[in-house]
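Test case, fold it:
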Amino acid sequence: MARTSKRLSAVDVKAKTKPGRYADGDGLYLNIAAGQSKSWVFLWMKDGKRREMGLGSYPTVTLGTARQRVEECRRQVSEGLDPIAERKKAAPVTFGDAADKFLASMSSSFRNAKHRDQWKMTLGDAYCAALRKRPISAIDTEDVLKVLAPVWQTKAETASRIRGRIERVLDFAAVKGWRAGENPARWRGHLKNALPARQKLARGHHAAMPYAEVPAFIARLQGAEAMAARGLEFLILNAARSGEVMGAKWPEIDLDAAVWTVPAERMKAGKEHRVPLTPRSAEILKALKEARVSDYVFPGEKKDAPLSTMAFPMLMRRMKVDQYTAHGFRSAFRDWAGDETSFPRELAEAALAHRVGDETERAYRRSDALARRRKLMVAWSDYCFGSKKPLRLVAG
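The predicted structure follows:
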């Protein structure tokens, strides 16, 4: 009689909850434990004895993937091989190997090069050095906590992203058959019980230097000769994001018109943003252009590469102001504009490249108010260079 196979359907697998083993055929079984966790196993006979091998947990490993793995196991058995022994022979895949292969598989889904580099940085040695050389199959909850615990309270948003990205890599490894069992980086029902809840942390906010302290910090920056110092000063004066500054290239700069045009693909909102350059910003750029060595305005140490994503945080650490973030200077600018000037809120939001109003309102407000924003940015620059009195400026 012909062997029955493919007895289960995706709907069956999802719906079943009663503990036990459910045959799909060809030696593949869905195993449901007492706690209702589901996993796949392959059963076969060797020398009159039953052998068993796990194929990964559900739903990380789908029914289709489990069937593919069983097909390979059956091929090995037919050739007189032991699937368990064959799996052990393979060189262990490390977390670093898995992360790199995962990023390669994701290449088409990244919004832009900046987005890709953020993933690469958070899964690299900057945060995951302790994981990268570990066999992916051996990584457990303690390994994940060693990465997250040092930054969970101090860099809440970054830590949350790291956790999610580690979870994605471990899921990817399970699908590839490099590890089995529950994902130790999952939040709900697991790490949620070991780390403070996200709503109790400073969710979504970047620690900002009070704007009253910015002029003194600018003066300190001007005493530093590092490229990172010029980049950070430029960032502060233009209330820009780190990625926008680090990725800036010379074709975006028009010194004659005193305008920096950031292309849409490098903007968070996906829309081109024109930045009116103040005299000090233009001065920084002119000096850098005379010594130009790269297409990047703020080149890093590597050839034809921009400043590292860690350049600003490391500079602020050396200057002993690492309780704040580079991104926080945007908040300092916004607080200053609201507290100390009469410029309209919409103008300050436009300077930050924030979306203001609903779709209809934005459709009618087609101008980017460059001339008016130039007055605002000149006023901010003037404040940054020593004006400590409240500036009740008129919008103009």
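
Can you classify the nearest residue to L8 once chain neighbours are set aside by secondary structure?
In space, and not counting its chain neighbours, L8 is closest to D24: 4.4 Å by C-beta to C-beta, 6 or more residues apart in numbering. Any C-beta I mention is one placed from the backbone N, CA and C, and that applies to glycine too. Under DSSP: H, G, I helix; E, B strand; the rest coil, D24 falls in the strand class.

again, but for G54
strand.

thought A66 was touching G27?
No. With contact defined as C-beta atoms under 8 Å, A66 does not reach G27; the gap is 10.8 Å.

give me every residue that touches A126.
M310 (C-beta atoms under 8 Å, 6 or more residues apart in numbering).

what do you get for the one 5 residues further on?
Applying C-beta under 8 Å, 6+ apart, one finds that L131 lies in contact with F95, G96, I139, D143, V144, V147, I166.

From L123, how far out is it?
9 Å (C-beta to C-beta, to the nearest Å).

Now do the shared contacts for the two.
Listed as contacting both L131 and L123 by C-beta under 8 Å, 6+ apart are I166.

isn't G177 right next to G54, touching?
No. Judged on C-beta under 8 Å, G177 makes no contact with G54 at a distance of 10.1 Å.

re the thing from before, and A66 and G27? Which one has more around it.
A direct count of neighbours by other C-beta atoms under 10 Å for A66 and G27 places A66 higher, at 24 against 20.

Which helix or strand contains that one?
Taking DSSP states H and E as the criterion, A66 maps to helix 63-78.

Quick one: distance of that helix to the chain centre.
Distance of helix 63-78 from the chain centroid (C-alpha atoms, centre = their mean, to the nearest Å) equals 35 Å.

Residues contacting the following helix or strand past it, please?
Per DSSP H and E, the first helix or strand lying C-terminal to helix 63-78 is helix 83-89. Helix 83-89 is contacted by residues F42, W44, R51, M53, E72, C73, Q76, V77, G177 when judged by C-beta under 8 Å, 6+ apart.

any chance of those in TSV, plus neighbour count, distance to V245 and pLDDT?
What follows is the contacts of helix 83-89, written out as TSV (neighbours: other C-beta atoms under 10 Å; distance: C-beta to C-beta, whole Å; pLDDT from 0 to 100):
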residue	neighbour count	distance to V245	pLDDT
F42	22	53	95
W44	18	59	94
R51	15	59	93
M53	18	52	92
E72	13	49	91
C73	24	53	93
Q76	16	54	92
V77	17	59	93
G177	19	43	83
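
Torsion angles phi and psi at the residue nearest to E233 when sequence neighbours are not counted?
Nearest non-adjacent residue to E233, counting by C-beta to C-beta, 6+ apart: L221, 4.8 Å away. The phi/psi pair for L221 (degrees, to the nearest 10) reads phi -60, psi -40.

who's in contact with L221?
By C-beta under 8 Å, 6+ apart, the residues touching L221 are A229, L232, E233, I236.

Which one (most neighbours) among those residues?
The residue in these with the most neighbours, by other C-beta under 10 Å, is L232 (26 neighbours).

what separates that residue from T325, distance-wise?
11 Å.

quick one, what contacts Q118?
Counting by C-beta under 8 Å, 6+ apart, Q118 has contacts T309.

Could you point out the helix or strand that follows the strand or helix carrying it?
Element membership for Q118 (DSSP H and E) is helix 113-122. Next helix or strand after helix 113-122 toward the C-terminus (DSSP H and E): helix 125-132.

now the lengthiest helix in the chain and helix 63-78, what's the angle there?
Across the chain, the longest stretch assigned as helix under DSSP state H is helix 156-175. For helix 156-175 against helix 63-78, the angle by axes from the mean of the first three to the mean of the last three C-alpha atoms, to 10 degrees is 40 degrees.

ok, now how distant is the closest residue in space to A229 that isn't next to it in sequence from P215?
Leaving aside its chain neighbours, A229 sits nearest to L221 (5.0 Å; criterion: C-beta to C-beta, 6+ apart). Distance of L221 to P215, computed by C-beta to C-beta: 11 Å.

With M45 instead?
Distance of M45 to P215, given as C-beta to C-beta: 79 Å.

ok, these two, which is more surrounded?
Using other C-beta under 10 Å, the more surrounded residue of M45 and P215 is P215, with 15 against 10.

isn't that one right up against W380?
No. P215 is beyond contact range of W380, at 10.9 Å (criterion: C-beta under 8 Å).

Tell me if I'm right that A248 and Y296 touch.
Yes. With contact defined as C-beta under 8 Å, A248 reaches Y296; the gap is 6.9 Å.

ok, back up a step: just give me the closest of the contacts of helix 83-89 to A264.
Closest to A264 out of the contacts of helix 83-89 is G177 (40.3 Å), distances taken as C-beta to C-beta.

Identify the spatial nearest neighbour of V297, chain neighbours not counted.
Distances taken as C-beta to C-beta, 6+ apart put A248 closest to V297, at 4.2 Å, once the chain neighbours are dropped.

Pull the contacting residues for the one you found.
Residues near A248 by C-beta under 8 Å, 6+ apart: W260, V262, Y296, V297, F298, P306.

hmm, try it at 7 Å
By C-beta atoms under 7 Å, 6 or more residues apart in numbering, A248 lies in contact with W260, Y296, V297, F298.
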